[in-house]
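can you look at this prediction? I've put the sequence above it.
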Amino acid sequence: MTEKVAYIDAHRAEFGVEPICRALEDTPAQIAPSSYYAARSRPLSARAIRDGELCAAIARIHEAHYGVYGVRKIHAALRREGERVAESTVRRLMRQLGLRGISRAKGPKTTKPAPETDRPTDLVQRQFVASHPNELWVADLTYVRTFSGWVYVAFVLDVYSRMIVGWQVSTRLYTDLALDALSMGIWRREHAGQDLAGLTHHSDRGVQYRAIRYADRLAECDAVASVGSKGDSYDNAMAEALNSLYKAELIRNRGPWVGINDVEFATAEWVDWYNERRLHGELGHVPPAEHEAAYWAANPQPVLLKTR
């Protein structure tokens, strides 16, 4: 009954109560005008009041998180706020509000495979697992169509925490794009006093990642390069998944885009939200920053002393 009354309330100004009731005759939503007015005159039930409170909270969370959260993440966010609510209730109310999560879709590849020369071994073998931060990073590129032409985006992701440690935006698909993203990741970690010796850096066979300058930058911090098989997206699946999220949650969700400036600004905001506030199901519905903080709290790291 509550849903029927709410439906009529939403459309009565345009169509009137009686015409709506006539249109609903012989349907599962059938309701007489007298029943509608009687329901409207009764005080709201405890369930209706609770539903109203939850609807407001659900709409607020959905809007605050780029409108991308589905039932499970909305439910997890409510639980983190102290709300005791069943997932089935969240599903019912989201359906009532017309809210849904973002679905991902695959796009074309952006990295160009390098010629068949000596290349690093695939050290990952599709096992994207890590027991601590800076054990395994994955990197990849993606593209954004703008009114001004193509814009390319590079990401570097820490597998343990799903933290985006480095990123860069450019209008050119050259080595500097990937190298700048890597350099950001290295700087952030070393600036926080973290040792990157022994880090495995995994990518596809794109020329950007096979460049000598890129290999030299990894060697400077005693990291080891790993490269997947040619043309097989499964060999860099976690980085591909990040690109898919980025395209679904930001690019298609908030476009169209004028040019590199607005893409860069929006990407900076999205990365901050992704790292600091976005709930990740693989991490027990906590953000990457919180997941890493919990690790370092339980496993204090020695402070690195910089030497000249």
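Thanks, I have the structure now. Only a predicted model underlies this, so the values are computations on that prediction, with no experimental measurement involved.

surely residue 96 is in a strand?
No: using DSSP: H, G, I helix; E, B strand; the rest coil, the secondary structure at residue 96 is helix, not a strand.

secondary structure element for the closest residue to it other than its chain neighbours?
Leaving aside its chain neighbours, residue 96 sits nearest to residue 3 (6.7 Å; criterion: CB to CB, 6 or more residues apart in numbering). In this view, the C-beta of every residue, glycine as well, is placed from N, C-alpha and C. According to DSSP states H and E, residue 3 maps onto helix 2-15.

may I have that helix as CSV, with CA atoms only?
Below are the C-alpha coordinates for helix 2-15, written out as CSV (Å, rounded to 0.1, in the frame of the first residue of the first chain):
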residue,chain,number,x,y,z
THR,A,2,2.8,2.4,0.9
GLU,A,3,4.4,2.1,-2.6
LYS,A,4,1.0,2.6,-4.3
VAL,A,5,0.3,5.8,-2.3
ALA,A,6,3.8,7.1,-3.0
TYR,A,7,3.3,6.5,-6.7
ILE,A,8,0.1,8.4,-6.8
ASP,A,9,1.7,11.2,-4.7
ALA,A,10,4.4,11.5,-7.3
HIS,A,11,2.0,11.9,-10.2
ARG,A,12,-1.2,13.4,-8.8
ALA,A,13,-0.3,17.0,-9.7
GLU,A,14,0.0,16.1,-13.3
PHE,A,15,-2.8,13.5,-13.8
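
and the helix or strand just after it, what's buried?
Past helix 2-15, heading to the C-terminal end, the next element that is a helix or strand (DSSP H and E) is helix 17-23. Neighbour counts over helix 17-23 (16 or more other CB atoms under 10 Å) mark 17, 20, 21 as buried.

just the CA trace of the very next helix or strand once past helix 17-23, in PDB.
With elements assigned by DSSP H and E, the helix or strand that comes after helix 17-23 is helix 33-41. Extracted in PDB, the C-alpha atoms of helix 33-41 (Å, rounded to 0.1, in the frame of the first residue of the first chain):
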ATOM      1  CA  PRO A  33      -9.500   6.500  -4.600                       C
ATOM      2  CA  SER A  34     -11.200   6.000  -1.300                       C
ATOM      3  CA  SER A  35      -8.400   3.700  -0.200                       C
ATOM      4  CA  TYR A  36      -5.800   6.200  -1.300                       C
ATOM      5  CA  TYR A  37      -7.400   9.100   0.700                       C
ATOM      6  CA  ALA A  38      -7.800   6.800   3.700                       C
ATOM      7  CA  ALA A  39      -4.200   5.900   3.600                       C
ATOM      8  CA  ARG A  40      -3.200   9.500   3.300                       C
ATOM      9  CA  SER A  41      -5.200  10.500   6.300                       C
END
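
mean confidence score for helix 33-41?
Regarding helix 33-41, the rounded mean pLDDT is 85.

quick check: bridge partners of residue 280?
residue 286 (DSSP bridges).

kindly indicate which of the buried residues of helix 17-23 lies nearest residue 131.
Among those, residue 20 lies closest to residue 131 (CB to CB), at 59.6 Å.

what's the spacing between the closest residue to that closest one other than its chain neighbours and residue 17?
Using CB to CB, 6+ apart and skipping the chain neighbours, the partner closest in space to residue 20 is residue 8 (5.3 Å). Look at residue 8 and residue 17: by CB to CB, to the nearest Å, they are 6 Å apart.

what is in contact with these two at once?
residue 36 (CB atoms under 8 Å, 6 or more residues apart in numbering).

correct me, but the residue nearest to residue 96 touches residue 97?
No: taking contacts as CB atoms under 8 Å, residue 3 lies outside contact range of residue 97: 11.6 Å.
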